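J.: the sequence and its predicted three-dimensional model are supplied below.
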Amino acid sequence: MRTRVALVAVGTLLIGYAVVGALADPDLRPAGVLLFLAGVLAGHDLVWMAGLLGVGALLARWVPQRHRPVVRAGVISAATVTVVAFPLVLGVGRPPDDPSVLPLPYGRNLAVVLLLIAVATLLTCWAADRRRSRRPAPDGPDGPTAPVSPSPPRR
Amino acid sequence: MVRHPHPPVTGRPAALRRLARRWSAPLPAPPGALRRGPLRPDGFPSPLRSTRLTSQLGVALGVAFAVCFLTGLLSHLIQHPPGWLPWPSRPVGLYRFTQGLHVATGLATVPLLGAKLWSVYHHLFRWPPVRSLAHALERASVAVLVAAALFQVIGGVLNVARWYAPMPFFFTAGHYRVAWLSVGALLVHVGVQLPAVRAALGPTTAESARERLSRRGLLGGIAAAAGLVTLTTVGQTVRPLSALAVLAPRRPDVGPQGLPVNKTAHRAGVRAQALDPAYRLVVEGPHRRTELDLAALRALPQHTAELPIACVEGWSATGRWTGVRLRDLVALVGVDPDRATVLVESLETAGRYRTSTVGAAHVRDPLTLIALRLGGAPLHPDHGYPARLIAPNRPGVLQTKWVGRLTVREAS
């Protein structure tokens, strides 16, 4: 309990330090910071999460249970590189007089990386199916006796 | 006046007890008819969500945030040196490593943070929304933590892509202040959740073999995503991987003279002054002052050093710089170079990084140069022609370009 109280107390002090520091910082417009804080929170919780849950529902509807971990890994990787590369693809930060900033064709590169992720995902699923079909049928819901058709939606 | 015959020796005063009671007193629940959509009891049926998964992601995210906070704080302190931090000039590539780690860790945090927030998203719609005042405050602190974490990670991604328009504040200052906010909110969160985390990470029997496999599969997927984003970006500072850095905002070998540029001479507004044949480097000491034109600078003993430009944005690139040792210039105005600091001023008339101070350790270091050449050729105007500062173990923004004036001070 003492550890918890100490953590909460120190954390509260640091939050206070951050707020006081931000208000006293001549380089900072606290209103702008607040706006961005609220913007990323609302954007994530209302827009991004809605999209993500939609993708999750599609996976649950269309991808057989046995392939879901691999497909999920592929989708997480694809989402991650898309988030990181999105501002580069837009290229807004590329100044006209400095070709060393954002020097690559990011749209093409992102497409290639996404394609590689898709190929790796499909190959892994295919290899797993091949292994499974060669093996004698084990007991369990993931074995070849399990239905191959998409499982019912979970949400 | 009646005095209490037996005042309590221990225990909290009545007022505090009343406050504590009110603090955790249950608040009336909203009408059940409002419990619709995501607020339904079965609104989030994914069996993948579990306290154990959330706790494991939380621990990983905590480590990532600690790395980013410490490396970021270090970078801040190097740029705003307090008296108690004597930042050394060696090892030469220390800052290159810490700042490269800062940005690489931040980028690898993207899937971690995404997965962590997904794993707790259903708590946003818990019922009743607020049980007590204490509960309301706890939820508010989680909102602060989530907003601050997203602020740092998204802001960082926008910053390395140099897309500042969505951020209505000066990025560096905002990133620094919100770092404190996120770490404070994180500590509060850990304090509140510690028992749940301990229980979830202890030996558990509640998880079936299948659930364990699913959880591990998901963790493997998140790790793969973090690995992939690292692999496609870290080559901007780890040279052997530069060919794989297809999503990195910089390539260490792309730019004039094979080196990236952060601010061009044109944008700094110094092109005319930098190319002016009347250029003089003014070296001002406490007792003596001298002016050197390019020919005079070239006539001084020339030295060559392999030193990196290590940008706060996480990229770095090594150059072979040739020029005059800063300590030789300090000695020129009669100051002991082993006990001196130098204020370096650019020809720029304005700008946040127009000047920088070189501390005693860096002045002393024979690798610290006022460079005139890069890779054997005169500096490109965008690399600071006619003369620039290049010192070991120092952020790129402090490697002042287009140097016009050195003010030498005796270190106390």
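T.: Cool, got the structure.

J.: now check the longest helix along chain B, is it near chain A?
T.: Using DSSP state H to assign secondary structure, the helix with the most residues in chain B is helix B:171-201. Yes: using Cβ under 8 Å from any Cβ of the partner chain, helix B:171-201 reaches chain A at B:172-174, B:177-181, B:183-192, B:194-195. Where you see a C-beta, it was placed from the backbone N, CA and C, and this is true even at glycine.

J.: tell me the mean pLDDT for that helix?
T.: Regarding helix B:171-201, the rounded mean pLDDT is 96.

J.: report the contact partners of the residue nearest the centre of chain B.
T.: Central residue of chain B (Cα atoms, centre = their mean): residue B:72, 3.4 Å from the mean position. Contact partners of residue B:72, counting by Cβ atoms under 8 Å, 6 or more residues apart in numbering or on different chains, are B:102, B:175-176, B:179.

J.: ok, now with 10 Å
T.: Going by Cβ atoms under 10 Å, 6 or more residues apart in numbering or on different chains, residue B:72 touches B:65, B:98-99, B:102-103, B:105-106, B:152, B:156, B:175-176, B:179, B:312.

J.: can you say which of those are buried?
T.: B:65, B:98-99, B:102-103, B:105-106, B:152, B:156, B:175-176, B:179, B:312 (16 or more other Cβ atoms under 10 Å in any protein chain shown).

J.: may I have the lowest-mean-pLDDT helix or strand in chain A as PDB, with CA atoms only?
T.: Least confident helix or strand of chain A, by mean pLDDT, DSSP states H and E, is helix A:49-62 with a mean of 94. Only the C-alpha atoms of helix A:49-62 are listed here, as PDB (Å, rounded to 0.1, in the frame of the first residue of the first chain):
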ATOM      1  CA  MET A  49     -10.900   2.600 -32.700                       C
ATOM      2  CA  ALA A  50     -14.200   2.400 -34.600                       C
ATOM      3  CA  GLY A  51     -12.200   1.500 -37.700                       C
ATOM      4  CA  LEU A  52     -10.100  -1.000 -35.800                       C
ATOM      5  CA  LEU A  53     -13.100  -2.800 -34.300                       C
ATOM      6  CA  GLY A  54     -14.600  -2.900 -37.800                       C
ATOM      7  CA  VAL A  55     -11.500  -4.700 -39.100                       C
ATOM      8  CA  GLY A  56     -11.600  -7.000 -36.100                       C
ATOM      9  CA  ALA A  57     -15.200  -7.900 -36.800                       C
ATOM     10  CA  LEU A  58     -14.400  -8.600 -40.500                       C
ATOM     11  CA  LEU A  59     -11.500 -10.900 -39.400                       C
ATOM     12  CA  ALA A  60     -13.900 -12.700 -37.000                       C
ATOM     13  CA  ARG A  61     -16.400 -13.100 -39.800                       C
ATOM     14  CA  TRP A  62     -14.200 -14.100 -42.700                       C
END
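
J.: on that earlier part again, so which of the contacts of residue B:72 belong to helices?
T.: Going by DSSP H, the helices hold B:65, B:98-99, B:102-103, B:105-106, B:152, B:156, B:175-176, B:179 from those.

J.: so which of those is the closest to residue A:90?
T.: residue B:156 (16.5 Å; Cβ to Cβ).

J.: which phi and psi does residue B:82 have?
T.: phi -80, psi 160 (degrees, to the nearest 10).

J.: and residue B:364, what does it touch?
T.: B:89, B:326-327, B:330, B:336-340, B:358, B:411.

J.: where does pLDDT dip in chain A?
T.: When residues are selected by pLDDT under 70, those of chain A lie in A:136-155.

J.: let me see the domain layout of it.
T.: Residue ranges for the domains of chain A, per automatic domain parsing: A:1-44, A:63-133.

J.: and those domains as a markdown table, adding mean neighbour count and distance to residue B:93?
T.: Below are the domains of chain A laid out as a markdown table (neighbours: other Cβ atoms under 10 Å in any protein chain shown; distance: least, Cβ to Cβ, whole Å):
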| stretch | mean neighbour count | distance to residue B:93 |
| --- | --- | --- |
| domain A:1-44 | 15 | 29 |
| domain A:63-133 | 17 | 20 |
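
J.: CSV for these, including distance to residue B:61?
T.: Shown next, in CSV, are the domains of chain A (distance: least, Cβ to Cβ, whole Å):
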stretch, distance to residue B:61
domain A:1-44, 15
domain A:63-133, 14
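
J.: figure out which of those is closest to residue B:266.
T.: Between those, domain A:63-133 lies closest to residue B:266; by Cβ to Cβ that is 5.0 Å.

J.: now do that closest one: distance to the chain's middle.
T.: A distance of 11 Å separates the centroid of the chain from that of domain A:63-133, by Cα atoms, centre = their mean, to the nearest Å.

J.: hmm, back to that, for residue B:13, which of the domains of chain A is the nearest?
T.: Nearest of the domains of chain A (Cβ to Cβ): domain A:1-44, 18.8 Å.
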